[in-house]
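Trainee: Fold the following, please.
(2 chains)
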There are 2 protein chains.
Amino acid sequence: MGRWEPDAAGRLRRAALELFAEQGYDATTVAEIAERAGVTSRTFFRHFADKREVLFAGAEELPGRMADAVRAAPAGLAPLDLVAAGLRGAAAQIGGSRAWSRERSRIIAGQAELQERELHKMAGVGAALADALRERGLDDDTVAVAAETGVAVFRVGFQRWLTQTEEADLGDVLADSLDRLRSLAGR
Amino acid sequence: MGRWEPDAAGRLRRAALELFAEQGYDATTVAEIAERAGVTSRTFFRHFADKREVLFAGAEELPGRMADAVRAAPAGLAPLDLVAAGLRGAAAQIGGSRAWSRERSRIIAGQAELQERELHKMAGVGAALADALRERGLDDDTVAVAAETGVAVFRVGFQRWLTQTEEADLGDVLADSLDRLRSLAGR
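Mentor: Now for the predicted structure:
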């Protein structure tokens, strides 16, 4: 392996996930992850602050991506259509690899510190969505309900996307979950 | 103070909340709480396992109360009307004292361990609601959306109840938040 390392970050992520699955999150060291990926620990730290961040690096951009998508949506949309635009933005950010997301989710479920980090991430998603909806001129009560609804639909849809047998586009699954909520609410 | 101690649990709760507010949660000991309440530490431990449980004792029954209310709702209700019944059950359990809930909420917001405990409580609420909705014969996808919607409405409504200036019944505020979601979804 020379100094030029194509997709070192991608290989580090895959190596970390393999090791977390094989021997547990707690037992895995940065040195082992780097070795499995065929890079030095220094290269690891060029890409990630610590082993936890291997699981959360992309996810940190999620709130911003959702908020940007809400801001970029056409004028005149109803509140839940703005939420739908935000969900599309989220899907574009994290819908790339279902196998990765599934494995990541399994590892997070097994470790309290990671679960807490994931819960904080979702709180960040709700707050960013609320800010963007407020900027679109919605009143505070509507913002609160619409943002929490967005988080709820995201949780349900993401979980469905991870667990359903057929392959599907995350954006479509999220849109379908929102439609399901709309039809429940219409009864 | 004799051996008969009227409402020792209530006095311990009030004493704990005062001390947490005055000197911080971490700095407060069980012995201080008991002294402020005019009881012995032994009496404290007859009511609560530790100082954290002073804040969560009643809340532990919340998931069960919501689920029971869903189970007891009339036949033939639509999914979100079953959720509404669950929210009424929750309000009956925790809507007693807004001053207490407000102060409790402020203390939890200032301490990471308590926040985590609160997040786990809400996860328990969602799971119990889902179980009860499943027992009412809803399919899995509807259960997932309806339960997460219930949690979202609970979060929004409870927060509104805590922060709005006028006194109101928690059950009414939760019902209003659900109506707001329905009207958003109908657009």
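Trainee: Residue A:117 is in what secondary structure piece?
Mentor: helix A:112-135 (DSSP states H and E).
Trainee: Show me what counts as buried in the helix or strand just after that helix.
Mentor: As assigned by DSSP H and E, the chain's next helix or strand after helix A:112-135 is helix A:140-163. Residues of helix A:140-163 classed as buried: A:142-158, A:160-162 (neighbour count, 16 or more other C-beta atoms under 10 Å in any protein chain shown). The C-beta positions use only the backbone N, C-alpha and C, and glycine is treated the same way.
Trainee: same deal with stretch A:15-27?
Mentor: Applying a neighbour-count criterion of 16+ other C-beta under 10 Å, one finds A:15, A:16, A:17, A:19, A:20, A:25 buried in stretch A:15-27.
Trainee: Tell me the residues of chain A that contact chain B?
Mentor: Counting by C-beta under 8 Å from any C-beta of the partner chain, chain A comes close to chain B at A:78-80, A:116, A:119, A:141-142, A:144-146, A:148-149, A:151-153, A:155-156, A:159-160, A:177, A:180-182, A:184-187.
Trainee: got a list of contacts for the stretch of helix or strand residue A:42 belongs to?
Mentor: Taking DSSP H and E as the criterion, residue A:42 maps to helix A:41-47. Contact partners of helix A:41-47, identified using C-beta atoms under 8 Å, 6 or more residues apart in numbering or on different chains, comprise A:5, A:8, A:9, A:12, A:30, A:31, A:33, A:34, A:37, A:57.
Trainee: Buried residues, the helix holding residue A:117. List them.
Mentor: A:114-119, A:122, A:124-126, A:128-130, A:132-133.
Trainee: Domain-wise, how is chain A divided?
Mentor: Per the record, chain A has its domains at A:8-50, A:57-186, by automatic domain parsing.
Trainee: just to confirm, which helix or strand has residue A:174 in it?
Mentor: helix A:170-186.
Trainee: meant to ask about residue A:6
Mentor: Using DSSP H and E, no helix or strand contains residue A:6.
Trainee: swap in the one 5 residues further on?
Mentor: Assigned by DSSP H and E, residue A:11 belongs to helix A:8-23.
Trainee: now do residue A:65
Mentor: Counting by DSSP H and E, residue A:65 is found in helix A:62-71.
Trainee: next helix or strand past that helix?
Mentor: helix A:79-94.
Trainee: The next helix or strand after that next one to helix A:112-135, inter-axis angle?
Mentor: Scanning forward in sequence from helix A:79-94 by DSSP H and E, the next helix or strand is helix A:98-109. Angle, helix A:98-109 to helix A:112-135, by axes from the mean of the first three to the mean of the last three C-alpha atoms, to 10 degrees: 120 degrees.
Trainee: Against residue B:41, how distant is the residue minimising distance to the centre of chain A?
Mentor: Nearest to the mean C-alpha position of chain A, by C-alpha atoms, centre = their mean, lies residue A:59 at 4.5 Å. According to C-beta to C-beta, to the nearest Å, residue A:59 stands 45 Å off from residue B:41.
Trainee: picking up where we left off before, quick one: mean pLDDT for the helix holding residue A:11?
Mentor: Helix A:8-23 shows a mean pLDDT of 93.
Trainee: So residue A:101 is in contact with residue A:94, correct?
Mentor: Yes - with contacts counted by C-beta atoms under 8 Å, residue A:101 reaches residue A:94, the gap being 6.8 Å.
Trainee: While we're on the nearest residue to residue A:182 once chain neighbours are set aside, how confident is the model there?
Mentor: Sequence neighbours aside, residue B:185 is the residue nearest to residue A:182 in space, at 4.5 Å (criterion: C-beta to C-beta, 6 or more residues apart in numbering or on different chains). If you check residue B:185, the pLDDT there is 85.
Trainee: Tell me which residues touch residue B:185, please.
Mentor: Contacts of residue B:185 by C-beta under 8 Å, 6+ apart are A:80, A:181, A:182, A:184, A:185, A:186.
Trainee: What's the separation between it and residue B:179?
Mentor: 11 Å.
Trainee: Likewise for residue A:77?
Mentor: 21 Å.
Trainee: mind exporting the helix holding residue A:174 as CSV, just the C-alpha atoms?
Mentor: Only the C-alpha atoms of helix A:170-186 are listed here, as CSV (Å, rounded to 0.1, in the frame of the first residue of the first chain):
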residue,chain,number,x,y,z
LEU,A,170,-35.1,5.0,1.1
GLY,A,171,-36.8,8.2,-0.3
ASP,A,172,-39.7,6.1,-1.6
VAL,A,173,-40.1,4.3,1.7
LEU,A,174,-40.1,7.5,3.7
ALA,A,175,-42.7,9.1,1.3
ASP,A,176,-44.8,6.0,1.7
SER,A,177,-44.7,6.2,5.5
LEU,A,178,-45.7,9.8,5.4
ASP,A,179,-48.6,8.9,3.0
ARG,A,180,-49.6,6.2,5.5
LEU,A,181,-49.7,8.8,8.3
ARG,A,182,-51.8,11.1,6.1
SER,A,183,-54.3,8.4,5.4
LEU,A,184,-54.5,7.4,9.1
ALA,A,185,-55.1,11.1,10.0
GLY,A,186,-57.8,11.4,7.4
